[in-house]
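Participant: Provided below for reference: sequence and predicted model.
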Amino acid sequence: MNNQKWLKDITAKKMTRRNFLEVTGKTAAVAAFFSLPVITSVNAEETPDFSAYPFTLGVASGDPLSDSVVLWTRLAPNPLAEDGNGGMDNRYVSVEWEVAEDEAFTKIVRRGKEITGPELGHSVHSEVFGLRPWREYYYRFKAGNEISPLGRTKTAPDEGSHLKSLSFAIASCQAWAGGRFAAYKNMAEEDLDVVFHLGDYIYEKGDTETLADYRLLHAQYKTSPDLQAAHSAFPFIVTFDDHEVDNDWSNDISDPNYPEGERERFLAVVRLRSRPIMSICR
């Protein structure tokens with residue numbers, strides 16, 4: 001597919017749900033569009049300095065497979081900066097990650113490096129492979145002299161294997177205006193294998209239209225220490241509902257209260273998410 005032509009098509013017309021599906025082709029094009037841009041051939045800062053601690057939004061993991069998980073963080077020394085850039089401007093930064101079998105990181109099993117920049121909102125999505133099935137791992141990130149909080153994750157069991165038990169929690173419909181997610185504090189204290197999030201990770205507002213708006217809204221939610229604690233304790237498997245984009249949207253039907261800015265909302269959400277859109281991390 002000609003990505004430049006397709007991007008021009010999708011930004012040129014009023015984006016109804018029907019138009020969106022027509023332009024994306026519903027299948028392969030959707031998968032391609034929901035993929036994150038890959039940053040290459042840039043001069044990334046290997047030892048960056050930050051105006052404040054950059055890992056203010058914590059760490060997360062998700063989409064566990066039997067040999068793989070996805071790790072997430074975002075560099076945001078000023079997470080609620082009005083431009084949605086988290087206080088990072090247009091810099092490109094190298095971020096290291098490590099995965100270990102123990103909390104002290106004396107048994108490191110995988111490590112790597114990612115480059116992040118403004119295209120990604122300075123978020124990092126590390127797809128880690130070569131892990132063992134149904135195993136607990138610990139992970140962390142490093143940027144310059146700054147080290148992220150410690151995260152714990154767990155791979156999925158082998159396909160077809162018999163499990164004696166599975167401990168999980170379910171979350172959904174978390175509205176910032178409705179509270180500060182105290183339930184996540186209790187969840188983080190449980191002994192869980194995975195968390196299933198069933199959608200409405202955020203609740204859009206009437207003026208949530210641009211990519212910067214969505215990044216700022218996600219950052220606001222992620223400032224919750226209880227939500228951060230849950231993300232750092234367990235891998236999440238996630239799907240979406242309506243409020244990640246627009247209230248009560250379905251197919252080509254949108255909320256009639258917000259007819260303007262529909263195209264911007266769609267582009268903002270799909271660019272914010274990584275692959276596939278159902279995942280926080282992958």
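Facilitator: Cool, got the structure.
Participant: please count neighbours and contacts with C-alpha atoms only from this point.
Facilitator: Will do.
Participant: the nearest residue to P133 once chain neighbours are set aside in helix, strand or coil?
Facilitator: Of all residues not flanking P133 in the chain, S66 sits nearest, at 4.4 Å (CA to CA, 6 or more residues apart in numbering). Look at S66: counting by DSSP: H, G, I helix; E, B strand; the rest coil, its state is coil.
Participant: what's near enough to touch S66?
Facilitator: By CA atoms under 8 Å, 6 or more residues apart in numbering, S66 lies in contact with L131, R132, P133, W134, T155, A156, P157, D158, E159.
Participant: pLDDT value on the closest residue in space to T223 that isn't next to it in sequence, please?
Facilitator: Of all residues not flanking T223 in the chain, L57 sits nearest, at 5.7 Å (CA to CA, 6+ apart). Per-residue confidence (pLDDT) for L57: 98.
Participant: excluding chain neighbours, give the residue nearest to E46 in space.
Facilitator: Spatial nearest neighbour of E46, excluding adjacent residues (CA to CA, 6+ apart): S94 at 5.3 Å.
Participant: is it fair to say the one you found lies in a strand?
Facilitator: Yes. Checked against three-state DSSP, S94 lies within a strand.
Participant: list the contacts for it?
Facilitator: A44, E45, E46, T47, K113, E114, I115, T116, A143.
Participant: over to G121?
Facilitator: Applying CA under 8 Å, 6+ apart, the residues near G121 are R74, G84, N85, G86, R215.
Participant: again with L71
Facilitator: V59, A60, S61, G62, V124, H125, S126, E127, V128, C281, R282.
Participant: just the residues you listed: which are in strands?
Facilitator: V59, A60, S61, G62, V124, H125, S126, E127, V128 (DSSP state E).
Participant: can you put those residues in TSV and add distance to E103 and neighbour count?
Facilitator: Below are these laid out as TSV (distance: CA to CA, whole Å; neighbours: other CA atoms under 10 Å):
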residue	distance to E103	neighbour count
V59	15	26
A60	16	29
S61	16	29
G62	19	27
V124	21	25
H125	21	23
S126	19	21
E127	20	16
V128	18	18
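Participant: and which of those is nearest A104?
Facilitator: Among the ones in strands among the contacts of L71, V59 lies closest to A104 (CA to CA), at 17.2 Å.
Participant: quick check: bridge partners of the closest one?
Facilitator: Beta-bridge pairing for V59 (DSSP bridges): T73.
Participant: where's it relative to T73, distance?
Facilitator: 5 Å (CA to CA, to the nearest Å).
Participant: do the same with H125
Facilitator: According to CA to CA, H125 and T73 sit 7 Å apart.
Participant: now do the contacts for F168.
Facilitator: L192, D193, V194, V195, F196.
Participant: note down every partner strand of the helix or strand hosting I115 and its orientation.
Facilitator: For I115, the host element (DSSP states H and E) is strand 108-116. Note on strand 108-116: by DSSP bridges, its sheet partners are strand 93-100 (antiparallel).
Participant: what about the helices in this structure?
Facilitator: With DSSP state H as the criterion, the chain has helices at 3-12, 17-24, 28-33, 182-188, 211-222, 225-233, 262-272.
Participant: can you list the weak-confidence ranges in the stretch 151-282 of the chain?
Facilitator: 180, 251-282 (pLDDT under 70).
Participant: try 50 this time
Facilitator: Applying pLDDT under 50 to the stretch 151-282 of the chain flags the ranges 259, 271-282.
Participant: now do the shared contacts for V59 and T73.
Facilitator: Common contact partners of V59 and T73 (CA under 8 Å, 6+ apart): none.
Participant: wait, K142 sits on V99?
Facilitator: No. Using CA atoms under 8 Å, K142 is not in contact with V99; the gap is 11.9 Å.
Participant: out of these two, which sits in the more crowded spot?
Facilitator: V99 (24 against 18; other CA atoms under 10 Å).
Participant: ok, for the more buried one, nearest residue in space, not its chain neighbours?
Facilitator: In this structure, V99 finds its nearest non-sequential neighbour in Y139, 4.4 Å apart by CA to CA, 6+ apart.
Participant: show me what contacts the one you found?
Facilitator: Contacts of Y139 (CA under 8 Å, 6+ apart): W97, E98, V99, A100, L150, G151, R152, T153.
Participant: if you set the cut-off to 7 Å instead, what comes out?
Facilitator: Contacts for Y139 (CA atoms under 7 Å, 6 or more residues apart in numbering) come out as E98, V99, A100, L150, G151, R152.
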